[in-house]
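*Asks:* show me how the following folds:
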Amino acid sequence: MQHFLRFLLYRLMGWTADVTVAFPPKYVIALAPHTSNWDFIMGLLYSRAEGFRCEFLMKKEWFFWPLGPLFRRLGGIPVERSRHTSMTDQLATIARERDHFGLCVTPEGTRKPTAEWKHGFYYIALKAELPILLFGLDYGQKRIVCTRQIIPSGDIDAQMAEIKDYFRPFRGKHPENFLT
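*Replies:* Sure thing, here's the model as predicted:
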């Protein structure tokens with residue numbers, strides 16, 4: 001199946017990957033820009049084509065029958081956005097307890113234009129002492145790029161500015177919805 005997915009992504013769809021950061025046993029992926037539901041499909045296709053699996057956060061409204069069981073099986077974790085729960089603490093604890101942990105998060109938290117990115121992915125990585133791998137989806141050049149990782153220091157303002165700067169050159173599927 002992996003060979004077929006690589007053929008589909010790289011040959012038929014014409015995408016390329018420029019990934020120079022090695023995957024450690026535990027990590028958080030920040031994936032941007034997030035301007036379309038296609039981003040989920042592309043991320044899932046890429047991960048399966050490259051032979052790795054990571055969990056992902058998705059709003060709980062998508063976990064209805066029959067999609068809910070499918071998303072959970074693919075690694076989906078439903079997020080109740082109206083409640084202020086300690087999901088970052090829970091995920092950091094899970095990450096610390098496991099030998100292997102991978103979580104993919106879209107920092108914007110929405111497909112709509114927003115200049116205010118969510119900080120949960122950063123706090124999960126900080127609390128669990130994990131690197132953040134910066135993965136960009138560039139629909140303009142059909143590239144999946146990860147040439148940088150961030151080790152959270154606790155200086156969230158400076159590091160979030162650094163993260164946004166990294167993603168600035170990438171063109172989302174709907175570029176008008178990507179603000180940095």
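
*Asks:* in this protein, which helix or strand is least confident?
*Replies:* strand 76-79 (a mean of 75; mean pLDDT, DSSP states H and E).

*Asks:* what's the first helix or strand after that strand?
*Replies:* As assigned by DSSP states H and E, the chain's next helix or strand after strand 76-79 is helix 87-97.

*Asks:* and after that next one, which helix or strand comes next?
*Replies:* Using DSSP H and E, the helix or strand that follows helix 87-97 in sequence is strand 101-105.

*Asks:* run through who's touching the helix or strand following that next one.
*Replies:* The first helix or strand that comes after strand 101-105 along the chain, using DSSP H and E, is helix 120-128. Residues from elsewhere that reach helix 120-128 (CB atoms under 8 Å, 6 or more residues apart in numbering): 26, 28, 30, 57, 87-89, 91-93, 95-96, 101, 103, 105, 107, 130-132, 150, 152, 154, 156, 159-160. From N, CA and C alone the C-beta is placed, and that goes for glycine too.

*Asks:* from what I can see P78 touches F64, true?
*Replies:* No - with contact defined as CB atoms under 8 Å, P78 does not reach F64; the gap is 10.3 Å.

*Asks:* okay, those two: which has more neighbours?
*Replies:* P78 (15 against 9; other CB atoms under 10 Å).

*Asks:* can you name the residues bridging to the more buried one?
*Replies:* P78 forms beta bridges with M58, as assigned by DSSP bridges.

*Asks:* quick check: which ranges of the chain have low pLDDT?
*Replies:* 62, 81-85, 180 (pLDDT under 70).
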